[in-house]
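1. have a look; sequence and predicted model below, questions after that.
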Amino acid sequence: MKLIGVIISVFSLSILWHSASGSRNSSANTSLLSENDSIEINGRFVDSCSVPTSIQIAQYEVPGGSYTEVPINKKGQFTYRLSLKKDVKMLALRSGQTFFEFLVTPKEKFYQIEISCSKGGEKIISIKNSAENRAFVSFDTLNGALMDTLGKLSHGSMSGKDTFRIIKELFLNYQTKIKAIKKRNRGTFTADVLCPSDILPKKAFLSIESLQDNYLQREVFASQQFYSLALPSRIISNYLSLLDKRNASFSGFEKAMDISLKDSAAAKALQQIYYDIFFNRHREPIFVGYINWAKQHPNEMFDAIVKFKLQIDERTMPGRLFYDFQLNDTTGLQKKLSETVFSSKLTLLIFYSPHCPHCQLEIPQLVPLWEKFKGKGLNFYTVGFDAKKSEWIDFIQKKLKPDWVNVFDASEKLEPEYMYNASYTPTYILINQQGNIISRYGSLESILQDVPEIMGGIK
């Protein structure tokens, strides 16, 4: 998914963890630290990996984050230093398609990272002799498995007794292991902060309703430091998985928001997380509730960017009338969106950039959907932008269908993209024949699931 324009979103990271072992750098390295630095990270490629000229390191903080290019010498070695003002910080290291997250703390001044390669060329990154990261790897692996399992369970109903029995056993087993990690790693941030923050009271396991009611009641949401890690996003995602998709509302999320408001910086961080998760996971009833909450609490919306984006997003929520515009097609003729909307049973409006990898991958997968339902009134109106006209035409010829209404926005103003908040590409908006927006989508999967159901109900 490509980010267009100046609207910033939290970067997301795929996590690849491996066991940590080895020895720390010698204390002789202390002379390398300046007065403004408190942490030093030394890394090296240890075998026949193809060594790049640089590696990327980012400090994970909400909102936003950017990678720093760290040069690698001819021996395959690199050094990164930073001043650590907080007790703990999560860093993300990226080499090609491989991501690695780890913690740094003033208790451990030096970190040694080794990068090796499998026979297939996949990079394996490990951190040596860090008690903090040994604890964190255990916690992170366990927590990631919980999130994956809950995600799979969320495809079914959460109201059944058998489902709750499975969920209860899952959580009780998880909490037993979390307590064991806490006991084994006393004195680490993982044991002192992360483990306790993810242990629920016994009353949470009386029913699915009590689990939902207690899940977000965690005082840690008021801690600024908590948001320098990825765990808050996981907790929110897990809670989302516990809710039935048809009956979910924003009310449960208000509990965590109320707690976070004890610290404005913490609330600002949580507001960004809410936006990213609700938007990307296509939970529109919850998203609408978030919009309404922001309107009712303008002085408590501490993230000005999220506040602005919610105001824009309100225009494209389900039930709203579509915004009409016209752009030129490949022949130079002006094509109004309304012409397509009112002459079709259902219109999928797509904003994309020819340079966007997700656009190149996803949009061609919509062709079979269109082929199946074009005779029943499904039509596509696609808007290409952020490219040269020749690149746009080439993209149409290779990836799209000429029978679709394909137009190009060559202006600098990009008004249609602004009105539909197409800050990410591809952006999908579904519109019915009456001109009402049915939904906006952040994923191809949701479109492929919803459109056949909608078309099946159209006569």
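-> Cool, got the structure. Numbering: from 1, shown residues only.

2. give me the number of residues near residue 407?
-> 24 (other C-beta atoms under 10 Å). Every C-beta, even on glycine, is put in place using the N, C-alpha and C of the backbone.

3. skip the chain neighbours and tell me the closest residue to it.
-> The shortest distance from residue 407 to any non-neighbouring residue, by C-beta to C-beta, 6 or more residues apart in numbering, is to residue 327 (3.8 Å).

4. how much space between that neighbour and residue 102?
-> Applying C-beta to C-beta, to the nearest Å, the value for residue 327 to residue 102 is 47 Å.

5. equivalent analysis for residue 240, please.
-> 27 Å.

6. so these two - more neighbours on which side?
-> residue 102 (23 against 20).

7. what helix or strand is the more buried one located in?
-> Here residue 102 sits within strand 98-104, counting by DSSP states H and E.

8. for that strand, buried residues please.
-> 99-104 (16 or more other C-beta atoms under 10 Å).

9. for stretch 152-166, same thing?
-> 153-154, 158, 164.

10. which one among those residues sits at the bottom for pLDDT?
-> Within the buried residues of stretch 152-166, pLDDT reaches its minimum at residue 158, with 72.

11. can you name the residues that contact that residue?
-> 164, 167, 208, 242-244 (C-beta atoms under 8 Å, 6 or more residues apart in numbering).

12. and the buried ones among those, selectable in PyMOL?
-> In PyMOL, this line selects whichever of the contacts of residue 158 come out buried by 16+ other C-beta under 10 Å:
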select buried, resi 164+167+208+242+243
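
13. out of the contacts of residue 158, list just those in strands.
-> Among these, no residue falls in strands (DSSP state E).

14. just to revisit the earlier point, I'd like the buried residues of strand 98-104 as TSV, with distance to residue 228 and pLDDT appended.
-> Converted to TSV, the buried residues of strand 98-104 look like this (distance: C-beta to C-beta, whole Å; pLDDT from 0 to 100):
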residue	distance to residue 228	pLDDT
99	17	81
100	17	84
101	12	86
102	13	89
103	9	90
104	10	90
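
15. reformat those residues as a markdown table; add distance to residue 410.
-> Output for these, formatted as a markdown table (distance: C-beta to C-beta, whole Å):
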| residue | distance to residue 410 |
| --- | --- |
| 99 | 36 |
| 100 | 41 |
| 101 | 40 |
| 102 | 45 |
| 103 | 47 |
| 104 | 46 |
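
16. show me the helices in the stretch 251-400 of the chain, by range?
-> Taking DSSP state H, counting those that start in this stretch to define them, one finds helices in the stretch 251-400 of the chain at 253-260, 264-280, 284-296, 304-313, 337-343, 357-362, 367-373, 389-399.

17. all strands for the stretch 101-250 of the chain, in order.
-> 110-117, 123-128 (DSSP state E, counting those that start in this stretch).

18. now the last one and strand 110-117, what's the angle there?
-> An angle of 150 degrees separates the directions of strand 123-128 and strand 110-117 when computed by axes from the mean of the first three to the mean of the last three C-alpha atoms, to 10 degrees.

19. ok now strand 123-128, how far from the chain's centre?
-> Chain-centre distance of strand 123-128: 24 Å, with C-alpha atoms, centre = their mean, to the nearest Å.

20. quick check: which helices or strands does that strand pack against?
-> strand 89-95, strand 98-104, strand 110-117 (3 or more C-beta pairs under 8 Å, 6 or more residues apart in numbering; DSSP states H and E).

21. mind putting those strands into CSV with distance to residue 422?
-> Shown next, in CSV, are the helices and strands packed on strand 123-128 (distance: least, C-beta to C-beta, whole Å):
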stretch, distance to residue 422
strand 89-95, 27
strand 98-104, 27
strand 110-117, 38
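
22. could you point out which of those strands sits nearest residue 217?
-> strand 89-95 (24.3 Å; C-beta to C-beta).

23. and that closest one, what does it pack onto?
-> strand 54-60, strand 98-104, strand 123-128.

24. what would those look like in a markdown table with distance to residue 301?
-> What follows is those, written out as a markdown table (distance: least, C-beta to C-beta, whole Å):
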| stretch | distance to residue 301 |
| --- | --- |
| strand 54-60 | 23 |
| strand 98-104 | 29 |
| strand 123-128 | 38 |
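
25. nearest to residue 199, of those?
-> That would be strand 98-104 among the helices and strands packed on strand 89-95, by C-beta to C-beta, at 19.6 Å.

26. can you give me how far the closest one is from the chain middle?
-> On C-alpha atoms, centre = their mean, the centre of strand 98-104 falls 17 Å from that of its chain.

27. just the CA atoms of it, as CSV, please.
-> What follows is strand 98-104, C-alpha atoms only, in CSV (Å, rounded to 0.1, in the frame of the first residue of the first chain):
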residue,chain,number,x,y,z
THR,A,98,13.7,-8.9,6.4
PHE,A,99,12.6,-6.9,9.5
PHE,A,100,13.9,-7.3,13.1
GLU,A,101,12.7,-5.6,16.2
PHE,A,102,14.6,-5.4,19.4
LEU,A,103,14.7,-3.4,22.7
VAL,A,104,17.4,-1.1,23.9
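
28. okay, now the sheet partners of it, with direction.
-> The pairing partners recorded for strand 98-104 under DSSP bridges are strand 89-95 (antiparallel).

29. can you list contacts of the partner strand?
-> 13, 41, 43, 52, 55-61, 65, 67, 82, 99-105, 113, 115, 123, 125, 228-230.

30. now do stretch 316-330
-> 284, 287-288, 291, 314-315, 334-338, 341, 349, 383, 393, 396, 402, 405-409, 415-416, 419-421, 429, 431, 435-440.

31. what bits of the stretch 301-450 of the chain have low per-residue confidence?
-> 442 (pLDDT under 70).

32. strands along that one, start to end?
-> Going by DSSP E, counting those that start in this stretch, the stretch 301-450 of the chain shows strands at 326-329, 334-336, 346-352, 378-384, 405-408, 424-425, 427-432, 437-441.

33. adding distance to residue 187, write the ones you listed out as TSV.
-> Shown next, in TSV, are the strands of the stretch 301-450 of the chain (distance: least, C-beta to C-beta, whole Å):
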stretch	distance to residue 187
strand 326-329	61
strand 334-336	65
strand 346-352	51
strand 378-384	56
strand 405-408	60
strand 424-425	42
strand 427-432	47
strand 437-441	46
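
34. nearest to residue 215, out of those?
-> Comparing the strands of the stretch 301-450 of the chain under C-beta to C-beta, the one sitting nearest is strand 437-441, at 26.7 Å.

35. now the closest one: buried residues?
-> Buried, per 16+ other C-beta under 10 Å, within strand 437-441: 437-441.

36. for the closest residue to residue 344 other than its chain neighbours, give me its contacts.
-> Sequence neighbours aside, residue 379 is the residue nearest to residue 344 in space, at 3.9 Å (criterion: C-beta to C-beta, 6+ apart). Listed by C-beta under 8 Å, 6+ apart, the contact set of residue 379 reads 340, 343-344, 346-348, 370, 404-405.
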